[in-house]
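# quick one, what's the 3D model for this:
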Amino acid sequence: MMWRKHSMAVILVALALLGLWQCAPPGQFDLVIRNGKILAGDGNPWFVADVGIRGDRIEKIGRIPSGQGKQEIDASGLFVVPGFIDIHTHADRRIDDIPTADNYLLQGVTTVVGGNCGGHDFPLAELFARLEKSGIAINFCSLIGHNTIRRQVMGLKMADPAPEEMKKMKELLDQEFRAGGIGFSTGLAYMPGTYAKTEELIELASVAAKYDGLYASHIRNQGTRITEAIEEAIRIGEANGIRVQISHIKLANDRVWGELERITRPVEEARKRGVEVFLDQYPYTATSSGFGSSIPSWALEGGHDAFVKRLEDPDTYRKIREGVIRRRLVSSKGINKLKTIYIARYRANPEYEGKNLEEILRMRGQKPTVENAADLIIEIQKNGGAQGVFFQMDEADVEALMRLDYNMIASDGGIIRFGDGVPHPRSYGTFPRVISRYVREKGVLTLPDAIRKMTSLPAQMLRLNRRGLIAEGYYADVVIFDFANIRDTATYSKPHQYPEGIRYVIVNGKIAAKDGKPTGVLAGRVLYGAGKK
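Below is the predicted model:
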């Protein structure tokens, strides 16, 4: 018996020396995050634990013995949360041009949704193929834009679709869902979506229902008629039994500031009926869009050349100018609108970038009147258009909307080349801003609820499989940050500034950013909808 025990001991030692047997093999995990304050993303309070990652998944949450990670991060005193999911972006416009997506990655965003406001990169199959080939730093999925589909079939015609046109639009939608689109989006303040009636959108959204897609809408009106616009979006979703997402919610006309029931009443009545209705919001008081949204939609029918031709008729020009003044330049509270509208990007004259309308008019030797401002807006559109920043919201409304349980955080931004133009700061700072300003400084949200609005809630809305939580078996999209020091640094005058306080960003198990700098790893993936086979 003694011989057997001695022999077995010798055998075990020999096997251990040969590396053929280990009771707790070192390097069991590719990455271990130690001693972090885990906020799982479900709204519950934080707890301290280790996180073990193998490959692209979280394999263990709990106590992990030392030496079991090929790489280890000491997260003592830091928060460990799911990667932020930006449910409303226009990243599809440049993601294949700037696949590193630094301005999103460095604010902790690990997944972006493109194809919003009715526009997407068509056809999706080709975009997805390019991204699969080149690689991307963050995960990407896309909605299918109504404006894009309608333009393919009907151009910029202000008319109802003929039966054959409707059939063709539905075929293209089906094609894009089978390519992997996750939902159907509309931009009903933009061309040519503004020409579509509710019945057209209900019929087109029936294609989304076949593929468990959602309906996301930049609604027709965000001011005095916002209730009717929300009710239209709900009707489209409810008629097809699909989820509804109201994009970048706001009260964007000072005549209705403070009247939140215009938003909450239709949404909450629909939710009581069992309709899944959600909102998303960016944490700023300024919007950003093209100057074309300032022009009456009828004036833009037929495209740019038709618009320029209309300007030649004095009576038509006068009507367009009156429409611009009504849309953009009047205030019920006496606000000087010329000081609240800035040029973000204008290829025809970059000297205007970063300046407001009053500054530009004075620079040109003109009086800062609403008539001259309207002429300037028309001129800008005539010269190819520009991207603008428009201060339209009240801070108290921003805070009140942020508290709603069914509201998510989103940037409504895009992928930006550093130093290019004077864009809205939301493309650099949305998610750190919520944590620093609205959690730490103002207490509008608790940290667990803010993280829920950035992670598990959008994952739930999008039906993203095994994302949005710190949980075993979930994909390892993780952000590690210093709560005391996280902050956005991008401003309206100096937007090209990355945030501070984010120590690590992990995408699909790979460290993609460390201490405010990308690692160069392209670990992101295209996330496909249910129609992709």
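# is residue 151 in a helix, a strand, or coil?
helix (DSSP: H, G, I helix; E, B strand; the rest coil).
# how close does it sit to residue 169?
10 Å (CB to CB, to the nearest Å). For glycine as for every other residue, the C-beta is placed from the backbone atoms N, C-alpha and C.
# also residue 350?
Distance, residue 350 to residue 169, by CB to CB: 38 Å.
# compare neighbour counts for those two and give me the winner.
Taking neighbours as other CB atoms under 10 Å, residue 350 and residue 169 compare with residue 169 leading, 21 against 12.
# ranges for the strands of the stretch 101-250 of the chain?
109-114, 139-142, 144-145, 183-187, 214-218, 244-246 (DSSP state E, counting those that start in this stretch).
# need those in CSV (columns: distance to residue 337).
Output for these, formatted as CSV (distance: least, CB to CB, whole Å):
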stretch, distance to residue 337
strand 109-114, 31
strand 139-142, 35
strand 144-145, 30
strand 183-187, 23
strand 214-218, 21
strand 244-246, 25
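# single out the most deeply packed of those.
Comparing those on average neighbours per residue, with mean count of other CB atoms under 10 Å, the densest one is strand 144-145 at a mean of 31.
# show me what that one is packed against.
helix 163-179, strand 183-187 (3 or more CB pairs under 8 Å, 6 or more residues apart in numbering; DSSP states H and E).
# which residues does the last one contact?
Put plainly, it is strand 183-187. Contacts to strand 183-187, defined as CB atoms under 8 Å, 6 or more residues apart in numbering, come from residues 115-120, 143-147, 173, 193, 196, 201, 204-205, 207-208, 213-218, 243, 245, 247, 462, 529.
# do the same with stretch 434-445
Taking contacts as CB under 8 Å, 6+ apart, the residues outside stretch 434-445 that touch it are 283, 399, 402-403, 409, 446-447, 450, 453-454, 481, 483-484, 486-488, 501.
# out of the residues you listed, which are buried?
283, 399, 402, 409, 447, 450, 453-454, 481, 483, 486-488, 501 (16 or more other CB atoms under 10 Å).
# out of the residues you listed, which sit inside helices?
If you go by DSSP state H, the buried ones among the contacts of stretch 434-445 have 399, 402, 447, 450, 453, 454 in helices.
# list just the nearest of those residues to residue 266.
Looking at these and their distance to residue 266, the nearest is residue 402, at 18.8 Å (CB to CB).
# local confidence estimate at the residue nearest to the spatial centre of the chain?
Central residue of the chain (CA atoms, centre = their mean): residue 88, 2.6 Å from the mean position. Looking at residue 88, its pLDDT is 98.
# same thing with residue 533?
On the pLDDT scale, residue 533 gets 79.
# what count of nearby residues applies to residue 336?
The number of residues packed near residue 336 is 13, by other CB under 10 Å.
# got the angle for the longest strand anywhere in the chain vs helix 447-454?
Longest strand in the chain by number of residues (criterion: DSSP state E): strand 29-38. Between strand 29-38 and helix 447-454, the angle comes out at 130 degrees (axes from the mean of the first three to the mean of the last three CA atoms, to 10 degrees).
# within its sheet, name the partner strands of strand 29-38 and how each one runs.
Applying DSSP bridges to the sheet, strand 29-38 is found paired with strand 47-54 (antiparallel), strand 69-74 (parallel), strand 79-82 (parallel).
# need those strands in a markdown table (columns: distance to residue 104 and mean neighbour count).
Shown next, in a markdown table, are the strands paired with strand 29-38 (distance: least, CB to CB, whole Å; neighbours: other CB atoms under 10 Å):
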| stretch | distance to residue 104 | mean neighbour count |
| --- | --- | --- |
| strand 47-54 | 21 | 20 |
| strand 69-74 | 21 | 16 |
| strand 79-82 | 15 | 27 |
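# and of the ones you listed, who's closest to residue 472?
strand 47-54 (9.0 Å).
# closest to residue 296 out of the strands of the stretch 101-250 of the chain?
Nearest to residue 296 among the strands of the stretch 101-250 of the chain is strand 183-187; the distance by CB to CB comes to 16.3 Å.
# now the angle between helix 163-179 and the closest one, please.
For strand 183-187 against helix 163-179, the angle by the same axes, to 10 degrees is 130 degrees.
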